[in-house]
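> Quick one: sequence plus predicted model below, questions after.
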Amino acid sequence: MSAEAETNDVEPGAAPESMLIISESSENLQNMSSSLDEIKKMQPDNQDENINNVDPDDYDDISCNTIATGDDYIKDNDWLGKSKHIFVLSSAGKPIYSRYGNEDKFASYFGVMQALVSFVQADNDSLKSIHVGNTKFVFLFKEPLILVSISKTGESVSQLTAQLNYVFNEIVSMLTLSRLSQIYQQRRNYDLRRLLAGVERLIDSLLDFSDSEPSFTLGAVKCLPLAASIRDTISSAIVQSCSKIKDLVFAILLANNNLITLVRMKKYYIHPADLHLIFNLVRASESLKSAESWTPLCLPRFDSGGFLYGHVSYLSEDCQACLLLLTVDREAFFTLSEAKQKIVEKLRRANCLEGINESLNVREETCAETGFPELRHYLYKCKSTAQFYQPGVGAPYMSDYGRLLTLYRRAHQRLHSTSRPLKLLYEKSSDEVLLAWDTKGFELYVVLEPSTDKSATIALIGKLLTWIKKQEDRLFHLNAPTF
Amino acid sequence: MSNIVAKMVVLGDPGVGKTSIVTRYVEKRVHNIPPTVGASFFTTKVNIKGLAVELQVWDTAGQERFKAIVPLFYRNATAAIIVFDITARRSFDNMKSWVSELKRNSENPIILSIVGNKSDLSDKREVTRDEGLVYANSVGASYTECSACNNQGIDQIFSDVARKLIQISGMVPSYSESDNEENGTMFANATDLNATDTAVTETPSWSIGSIAHGQVINKGCC
């Protein structure tokens, strides 16, 4: 099987340079933390950024009218029956977010969660998880917040922790980590909900998004399938229209949670986790459709200490792709607005808008339609570019994509388990055959008809990889254009 | 070609209807408005007696976390619409802090228009018209109550701002009687007040002193 892969010079979807940064699972937020300063220092006229300076007097605590009993919810079967609860609280135990229900109504639970975390912490240890039957209680303490997941979904502790990390990053992306820490340094008892008004919606969306999509588990993004020539034309239209704009760090074009292109400042990369937050922002913010918007946005993996400013707009009424131009210059709105007009004109003249629409309107082909009847579905992730591809969902998962995702998550966990990671997993059950394969260049997860035997599976995988290789310039963004 | 181009900012608490008012005027429709992210930019033209005023409108997000970026939008504005919800006392109180922040920080004198939205919900009213009027008067602002939902009083807000812009630009010597005739809503009179609880513009202390500190906006600038 591996021989088959090695006959290809490079794994499908690989490219000499990636637009996405690829780090496996580093939790370290300080990764690129000096990026913003660096970019700004390139400009002589350095404007003082005082957006992060919080005057403590500006914040009054909202009086916390907590009701000490959680009785209402303890008796509420609907609430108890949710398959995954997510809570966020301050390290002082103040409620900040609950996925379901009004967090004020079970403030006492938050007290218990805080007590559990701090009790273990007192011994210089940290509480990771508690397992009760098929329910997992997963804790993540990220100064100054505590995040808790209570899940019956069968996801592993590390997958649930990763999701909590995303929630933390979503909060950071709205406030910056510096401001978050500063607020709690000044007032340990601060009620963060006031500053996060409206962010609950984003967190709700992020949780639904990450529960219903493989991209978060894979740590990769999916591209909108486009002929390479169209994608290149789009990229160069962006490069040409923006080349004279200083301080523009990233230009990102996406549609329907798929990446169309990403142009970046030389030397700077975007992390897939940051890109997921951007996808989520666009997905959750209907208001962006109605007008050009200007918004501060912190990309925690890029620089958790400060904001980028984003010009966000949809290309046009007749092309629902969303363009984000991210800069460090907070005054750049009108420059970027002009650049956007130029980009749209260029794309229109080159018929790229039609190209995008065509791809958006076409349902992705299923495996059977591409000539693999024994194959039901697969995920292919190219590691070096942090991109993945999945075909359209066919029978028998059309009405139950969730079951397929659960299979993939379980397989992903087996390959990435910290104690005993597997390279190759072959699992046969009465429902399906599951094969997961982790190589140096790619990860592949394949679900096949239950009747497929091992040798047939191996032969199929070889054929599939060849097919992906042939299609790679349509399915993946192979160039990494820069300004 | 517009005779006058001016920047305008819309401020106020979350959910008071800032975006509804703007889209009602600019797009002539109101749908279910989701919360604004950061600030949205609109341009619209208001025609007053053959003069075209182009308004570049920054519709800001009301949420606390965006407060830090709001100065970006009002700093160069010539006009500001500050919206509160007549059914929410808190939004009225917070509106006052927007007014004082504007007065404290904007570089140029600014045309202030205070708007009480949701006049269609007057049975749930928490702020009386008199309160609004007295406050607006005290800060040299005009006061309008409107309903973005029923499209009442919206046009007045914009034409009122446009009229004042024309006035300070000097393109029309000053406010005249004929002006009033053309658009009878400039001044409220007693019958207007009695007829309906919505859509009445009242312009207290109408004098050069209260508004005319603005700079002249040259044709085709910005």
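Great, that's in hand.
> mind checking which helix or strand the closest residue to residue B:105 other than its chain neighbours is in?
Among residues not flanking residue B:105 along the chain, residue B:71 sits closest, at 6.3 Å (C-beta to C-beta, 6 or more residues apart in numbering or on different chains). The C-beta positions use only the backbone N, C-alpha and C, and glycine is treated the same way. Assigned by DSSP states H and E, residue B:71 belongs to helix B:70-74.
> Show me how far that helix is from its chain's centre.
16 Å (C-alpha atoms, centre = their mean, to the nearest Å).
> Tell me the first helix or strand C-terminal of it.
Next along the chain from helix B:70-74, counting by DSSP H and E, comes strand B:79-85.
> in the helix or strand that that next one is followed by, what's buried?
Per DSSP H and E, strand B:79-85 leads on to helix B:89-105 as the next helix or strand towards the C-terminus. Residues of helix B:89-105 classed as buried: B:91-92, B:94-95, B:98-99, B:102 (neighbour count, 16 or more other C-beta atoms under 10 Å in any protein chain shown).
> cool, stretch A:324-339 as well?
Neighbour-count burial for stretch A:324-339 flags A:324-330, A:332-333, A:335-336, A:339 (criterion: 16+ other C-beta under 10 Å).
> Now do the same for residue 161: helix, strand or coil?
All of this refers to chain A. Here residue A:161 is helix, with the state taken from DSSP: H, G, I helix; E, B strand; the rest coil.
> next one: residue A:79
Strictly by three-state DSSP, residue A:79 counts as helix.
> burial of it, as a residue count?
17 (other C-beta atoms under 10 Å in any protein chain shown).
> Ok, residue B:146 next?
When counting by other C-beta under 10 Å, one arrives at 30 neighbours for residue B:146.
> wouldn't residue A:219 be in contact with residue A:275 here?
No - checked against C-beta atoms under 8 Å, the pair residue A:219 and residue A:275 is beyond contact range at 10.3 Å.
> show me what contacts residue A:277?
A:166, A:169-170, A:173, A:206, A:299-300 (C-beta atoms under 8 Å, 6 or more residues apart in numbering or on different chains).
> and the helix or strand containing it, which residues are buried?
Assigned by DSSP H and E, residue A:277 falls within helix A:272-284. With burial defined by 16+ other C-beta under 10 Å, the residues of helix A:272-284 counted as buried are A:272-284.
> Quick check: what element follows it along the chain?
Using DSSP H and E, the helix or strand that directly follows helix A:272-284 along the chain is strand A:292-297.
> Quick check: mean pLDDT of that following strand?
For strand A:292-297, mean pLDDT rounds to 96.
> next one: that strand to chain centre, how far?
How far strand A:292-297 lies from its chain's middle: 19 Å, per C-alpha atoms, centre = their mean.
> okay, the angle between it and helix A:272-284?
Strand A:292-297 and helix A:272-284 are oriented at 140 degrees to each other (axes from the mean of the first three to the mean of the last three C-alpha atoms, to 10 degrees).
> Strand A:292-297 near chain B anywhere?
Yes - against chain B, strand A:292-297 shows contacts by C-beta under 8 Å from any C-beta of the partner chain at A:292-296.
> between those, which has the most around it?
In terms of neighbours by other C-beta under 10 Å, these top out with residue A:294 at 25 neighbours.
> Can you give me the pLDDT of the closest residue to chain A within chain B?
Using C-beta to the nearest C-beta, the single residue of chain B nearest to chain A is residue B:38, 2.6 Å away. In this model, residue B:38 is scored at 93, pLDDT.
> Same question for residue B:106.
pLDDT, read off for residue B:106, is 74.
> what's the distance between it and residue B:59?
17 Å (C-beta to C-beta, to the nearest Å).
> Equivalent analysis for residue B:93, please.
Residue B:93 is 22 Å from residue B:59, where distance means C-beta to C-beta.
> Excluding covalently adjacent residues, which one is nearest to the residue in the stretch 251-400 of chain A that chain B sits nearest to?
Residue of the stretch 251-400 of chain A nearest chain B, by C-beta to the nearest C-beta: residue A:295 (2.6 Å). Of all residues not flanking residue A:295 in the chain, residue B:38 sits nearest, at 2.6 Å (C-beta to C-beta, 6+ apart).
> can you check residue B:143 too?
Nearest to residue B:143 is residue B:136, by C-beta to C-beta, 6+ apart, at 3.6 Å.
> Same check on residue A:421?
In space, and not counting its chain neighbours, residue A:421 is closest to residue A:415: 6.1 Å by C-beta to C-beta, 6+ apart.
> Please list all residues in contact with that neighbour.
A:421-423, A:425, A:436, A:438, A:443.
> now residue A:73
By C-beta under 8 Å, 6+ apart, the contact list for residue A:73 reads A:79-80, A:101, A:105-106.
> Name the member of those residues with the most neighbours.
Result: residue A:106 is most packed of these (other C-beta under 10 Å), 24 neighbours.
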